[in-house]
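Q: for reference, the sequence and a predicted model appear below.
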Amino acid sequence: MKIKFRKKRLIAHLLLGMVWIGLGILSVVVNDEIRWTDYGYLVVGILYVGHYLHDLTYQYLTIENGTIRKNALYGFGKKISLNDINWIKKFAGDYTLKTEQSELKINTKLIDIDSLIELHRILAELNLPPENTPFSKKVYS
């Protein structure tokens with residue numbers, strides 16, 4: 001199961017990529033002298049479009065086979081087992097999932113509303129003591 005990004009974030013990355021690519025093409029075509037810095041706009045635009053494609057393909061979180069994985073570009077993703085989670089902390093709307101060895105922070109402002117409801121349901125189903133979870137008195141169906 002994939003926990004999706006908000007569409008607003010995806011569209012912003014695509015639009016920024018297109019703007020930078022447009023500026024790059026414009027600077028290369030309009031200038032009589034082509035400098036190596038003119039290609040910087042194109043590079044930045046391609047990186048933004050690549051970021052958009054990565055986010056569109058992999059989305060924010062993947063929950064499968066008893067693990068939750070944060071899909072981050074540039075190799076900064078993190079993966080933990082749902083069974084190893086012993087504490088869920090909620091602060092300023094964000095969740096921190098803690099195990100004995102590591103922790104995973106989830107920024108809920110980046111998550112699509114429907115996916116956020118599904119994430120709440122999955123986290124509420126974890127067998128944690130009531131003092132270790134913010135979901136102890138809430139019921140998600």
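A: Received, thanks. If you're wondering where the values come from, they're calculated on a predicted model, not measured in any experiment.

Q: I'd like the distance between the residue nearest the centre of the chain and Ile106.
A: Nearest to the geometric centre of the chain sits Tyr60, at 3.3 Å (Cα atoms, centre = their mean). Going from Tyr60 to Ile106 by Cβ to Cβ, to the nearest Å gives 8 Å. The C-beta positions use only the backbone N, C-alpha and C, and glycine is treated the same way.

Q: in the chain, where is pLDDT below threshold?
A: Using pLDDT under 70 as the threshold, the predicted model of the chain has low-confidence ranges 137-141.

Q: swap in 50 and give it another go.
A: 141 (pLDDT under 50).

Q: which parts of it are helices?
A: With helices called from DSSP state H, the chain shows them at 7-30, 38-58, 113-124.

Q: want to throw these into CSV with mean neighbour count and distance to Asp94?
A: Formatted as CSV, the helices of the chain follow (neighbours: other Cβ atoms under 10 Å; distance: least, Cβ to Cβ, whole Å):
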stretch, mean neighbour count, distance to Asp94
helix 7-30, 15, 15
helix 38-58, 16, 18
helix 113-124, 16, 12
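
Q: how about CSV for those, with distance to Ser102 added?
A: As requested, the helices of the chain are arranged in CSV below (distance: least, Cβ to Cβ, whole Å):
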stretch, distance to Ser102
helix 7-30, 25
helix 38-58, 20
helix 113-124, 17
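
Q: I'd like to know which of the ones you listed is closest to Ile80.
A: Among the helices of the chain, the nearest to Ile80 by Cβ to Cβ is helix 113-124 (12.4 Å).

Q: who touches the closest one?
A: Judged by Cβ atoms under 8 Å, 6 or more residues apart in numbering, the contacts made with helix 113-124 from elsewhere in the structure are 1-4, 60-61, 63, 82, 88, 95, 97, 106, 108, 111, 133, 135, 138-141.
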